[in-house]
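Colleague: With the sequence up front, the predicted model follows.
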Amino acid sequence: MWKIGNVEIDGPVVLGPMSGYSTPAYRGFMKPFGVAVAYTEMVSDMGCIYGMRTTRQFIDFPCDGPVALQLFGSKPENILKAAKYALEINPAISIIDVNMGCPVHKVNRTGAGSMLMKDPENCGEIVRVLKKELDVPVTAKIRLGWSSGQMNFRSVISELEAAEVDAICIHPRTREEQYGGKPHYDLVEGLRKEMSVPLIISGNIYLLEDAINAVECTGAEGVMVARGGIGNPYLCTQIDTYFRTGEKLPNPTVSKQVDWCLKLADAVIDELGNDAAMRRLRSYAPHFIAGCYCSREYRNMLTQIESRDDLVNVLEKIRDKLGDDIINNDGRLLQPDDF
């Protein structure tokens, strides 16, 4: 058990913010697998201020456990207005998080996301303004810096701590690197010892061993599962179980993956309706069988589904052929006795 401000976090797994993925349905599906706190999709401060209908849908959701609303913007007063609007719409939001690490150009050109890393003082001022006016904890998600020649994360952390931020999440790549290459965990080794607030570590968490190495390297309280959890929800269970008991759970069978995919599908259909859900599930579903034999053929079939019946037909074919086999995150098929 650890805390972000006054919010108790019961476990190490933090579900990361992912555009197009971190919807209420997805967060609700993932929570029982061991997610201790979940982030929303990144929400524009100006979208909140203008009360845009498309923005409101990211804010007005049921909260089952701690949820952090992630906002992006560059001006402290606008982010504050957005946060107040969001909390008025949904008082159950547990945490306000400010994105200071998104590397996408359309975000950076507004001065938001990773662009904030160029101005550590403004990073601190954003948090300071929010902390003064809000009754919920305030956190920030950052990167190493803008580029290899401007890795100023320690300066940003210092400004955030001076502003009394409640926790910091760091992705150990620069904006210049986007999501390519390997995260620089060597540059954040022992980082938690240098900090006065909880640390969440993010970046290439695809396997249990990735999470173990990231936490042992940095000393972080939380480990953020993002892309690595898409189609692999049991990764959250493996991480949560290990850090509670030391047990390393084996990967699930194909049959279990089929069950979980169908459960997520039903949640997404309920949330979006058939047509919009199918567009989303053409992206979700192939990840669930990515580690099984002949998965390319099945993945292609799943990208063409038009209805829940189509999804069921493909998944049941996979179950009939491979149900007892064990998924391997590296894309190889393991038999049960390989463990």
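Modeller: The structure has been received and is ready for your questions. Numbering: from 1, shown residues only.

Colleague: quick one: pLDDT of H171?
Modeller: Looking at H171, its pLDDT is 97.

Colleague: chain center to whichever helix or strand it is part of, what's the gap?
Modeller: Secondary structure assignment for H171, by DSSP states H and E: strand 167-174. Taking CA atoms, centre = their mean, to the nearest Å, one finds the center of strand 167-174 at 12 Å from the center of the full chain.

Colleague: list the helices and strands that strand packs on?
Modeller: strand 138-145, helix 153-162, strand 199-201, strand 222-225 (3 or more CB pairs under 8 Å, 6 or more residues apart in numbering; DSSP states H and E). C-betas here are computed from N, CA, C, even on glycine.

Colleague: Of all those, which one comes closest to G65?
Modeller: strand 222-225 (14.0 Å; CB to CB).

Colleague: if we can go back for a sec, could you figure out how far the strand holding H171 is turned away from strand 138-145?
Modeller: With axes from the mean of the first three to the mean of the last three CA atoms, to 10 degrees applied, the angle from strand 167-174 to strand 138-145 works out at 20 degrees.

Colleague: quick one, what contacts the residue lying closest to Y85 once chain neighbours are set aside?
Modeller: Spatial nearest neighbour of Y85, chain neighbours left out: C48 (4.6 Å); criterion: CB to CB, 6 or more residues apart in numbering. By CB atoms under 8 Å, 6 or more residues apart in numbering, the contact set of C48 is T55, I59, L71, K81, A82, A83, Y85, A86.

Colleague: Verify the stated contact: the fourth one with G47.
Modeller: Right, K81. No - contact criterion CB atoms under 8 Å: K81 and G47 do not qualify, at 11.4 Å.

Colleague: Which one of the two is surrounded by more residues?
Modeller: Counted by other CB atoms under 10 Å, K81 and G47 do not tie: G47 has more neighbours, with 20 against 17.

Colleague: show me where this protein has helices.
Modeller: 24-30, 45-49, 53-56, 76-89, 105-108, 120-133, 153-162, 191-194, 208-218, 234-245, 254-272, 274-288, 295-302, 308-322 (DSSP state H).

Colleague: Least reliable of the ones you listed by average pLDDT, please.
Modeller: Lowest mean pLDDT within the helices of the chain: helix 53-56, at a mean of 80.

Colleague: What are the contacting residues of that helix?
Modeller: Residues from elsewhere that reach helix 53-56 (CB under 8 Å, 6+ apart): V43, S44, G47, C48, I89.
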